[in-house]
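Q: Turn this into a model:
(one chain, ligands or ions: 2)
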Amino acid sequence: MKKILVLPGDGIGPEIVAEAVKVLDRLKADGLAVALEQGLVGGSAYDANGHPLPEDTLNQARAADAILLGAVGGPQYEALDRPLRPEQGLLGLRAELKLFSNLRPAILYPQLADASTLKPEVVSGLDIMIVRELTGGIYFGQPRGVRTLDNGEQEGFNTLVYRESEIERIGRSAFGIAQQRGKCLCSVDKANVLEVTELWRQVMSRIAEDYPDVELSHMYVDNAAMQLVRAPKQFDVMVTTNMFGDILSDAAAMLTGSIGMLPSASLDANGKGMYEPIHGSAPDIAGQGVANPLATILSVAMMLRYSFGQAEPADRIEAAVSKVLDQGLRTPDIAAGGQATVGTAQMGDAVVAELD
Ligand code: IPM
Ligand code: MG
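A: Residues are numbered from 1 along each chain as shown. Ligands and ions are numbered 1, 2, ... in the order given. Down below sits the predicted model:
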């Protein structure tokens, strides 16, 4: 029996996670051996316990085989001291569980080609995997802070730092994924300016010798941002640093029409993972029942595939999502002009019905 910790979080998190739980319950009825447990993270944990990542949640997360997370954050928490903000719940889980490898697929469902802001011929058939380093780089580097200079002026600073071993670890993760896909890996850096990413480039080139079947290329991050909107289909797998990956994965997500469609996996060295939609807590639409639950439902498919080695139910979920799109079901974020829309629960129910 595998243990799944469910962390709905804030904003639309509870609504979309509820639909993903319906899907898990449906698969349980078919014999999937999982046990679900709920926990608190982010702003809701702060409200209940005064901390975005309570010790209890951390212990639950350590004991679980996988974690399903909704989203964290909201405007009411923005004035809190940084260590108490909802985002720290997420960053703390990533760091404490050593979830260094973040897989962010950007797949365009053919049914949604019209939802993209790019021309259909530019994005049709798009299937990219961004592998983002998740526990290092400027997000975690020390020293960091804001200090007051002798002249009274304030100075903010963060540190972009990577050890060879950290680069090698994410590199091997990305090469392994490229081997299972189109065998092309593009490593994104800023080696023309930043020493740390010059080292990044050297390490990627060195380990490439162990993956002769994968073609490695290098690209500066500014060019990569441009190429993503110019000709995104040139990419198969991209591997990059924590912050570059944060930015590029939002851009890649939008190529597919809606960030509401895209799941993600954050994995440790043993395949334990946290699964979450790429999008945030969307406080502006929270509680209205209109959020798109498909990214969260697709995150369950990634969980089954990557943490539990269960490809068959994962395929079933993905096929069910494709079928509800075929039926023309659209939440507002993926509706083309004038198309009728459905709510969060209707969309979740339709996926469950397709699983039957
Ligand atoms: C993401 C988010 C997070 C990040 C925030 C919420 C801390 O943008 O998962 O991409 O920057 O990593
Ligand atoms: Mg982000």
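Q: if I pick the residue nearest to residue 156 when sequence neighbours are not counted, what's in contact with it?
A: Closest residue to residue 156 apart from its sequence neighbours, by C-beta to C-beta, 6 or more residues apart in numbering: residue 146 at 4.6 Å. Every C-beta, even on glycine, is put in place using the N, C-alpha and C of the backbone. For residue 146, the contact set (C-beta atoms under 8 Å, 6 or more residues apart in numbering) comprises 154-157.
Q: Okay, now the sheet partners of the host helix or strand of residue 146, with direction.
A: Residue 146 is part of strand 145-148 when elements are defined by DSSP states H and E. Using DSSP bridges, the strands paired with strand 145-148 in its sheet are strand 154-157 (antiparallel).
Q: Now do the buried residues in the strand it pairs with.
A: By neighbour count on 16 or more other C-beta atoms under 10 Å, the buried set for strand 154-157 is empty.
Q: which other residues reach the helix or strand following it?
A: Per DSSP H and E, the first helix or strand lying C-terminal to strand 154-157 is helix 164-179. With contact meaning C-beta under 8 Å, 6+ apart, helix 164-179 is reached by 100-101, 103, 129, 131, 133, 135-136, 184-185, 187, 199-200, 203-204, 207-208, 210-211, 213-214, 216, 236-237, 239, 267, 269.
Q: any idea how far the residue nearest to residue 13 when sequence neighbours are not counted is from ligand 1?
A: Once flanking residues are discounted, residue 13 sits nearest to residue 70: 2.6 Å by C-beta to C-beta, 6+ apart. Between residue 70 and ligand 1 the distance, using C-beta to the nearest ligand atom, to the nearest Å, works out to 12 Å.
Q: Any of the contacts of helix 164-179 buried? List them.
A: Taking 16+ other C-beta under 10 Å as the criterion, what is buried in those is 100-101, 103, 129, 131, 133, 135-136, 185, 187, 199-200, 203-204, 207-208, 211, 214, 216, 236-237, 239, 267.
Q: thinking again about what came up before, which residues touch the strand or helix carrying the residue nearest to residue 13?
A: Under the criterion of DSSP H and E, residue 70 resides in strand 66-71. Strand 66-71 has contacts (C-beta under 8 Å, 6+ apart) with 2-14, 16-17, 20-21, 41-42, 61, 90, 93, 272-277, 279-282, 296, 299-300, 303, 307-308.
Q: Just the buried residues of these.
A: Buried positions within the contacts of strand 66-71, assessed by neighbour count (16+ other C-beta under 10 Å), are 2, 4-14, 16-17, 20-21, 41-42, 61, 90, 93, 272-277, 279-282, 296, 299-300, 303, 307-308.
Q: Near ligand 1, list only the ones from those residues.
A: With C-beta under 6 Å from any ligand atom as the criterion, those include residue 90 near ligand 1.
Q: Residue 115: how many residues sit nearby?
A: Using other C-beta atoms under 10 Å, residue 115 has 20 other residues around it.
Q: my read: it touches residue 257, true?
A: Yes. If you go by C-beta atoms under 8 Å, residue 115 and residue 257 touch, sitting 3.0 Å apart.
Q: Write out the residues of the stretch 151-300 of the chain neighbouring ligand 1.
A: For the stretch 151-300 of the chain, the contact set with ligand 1 under C-beta under 6 Å from any ligand atom comprises residue 246.
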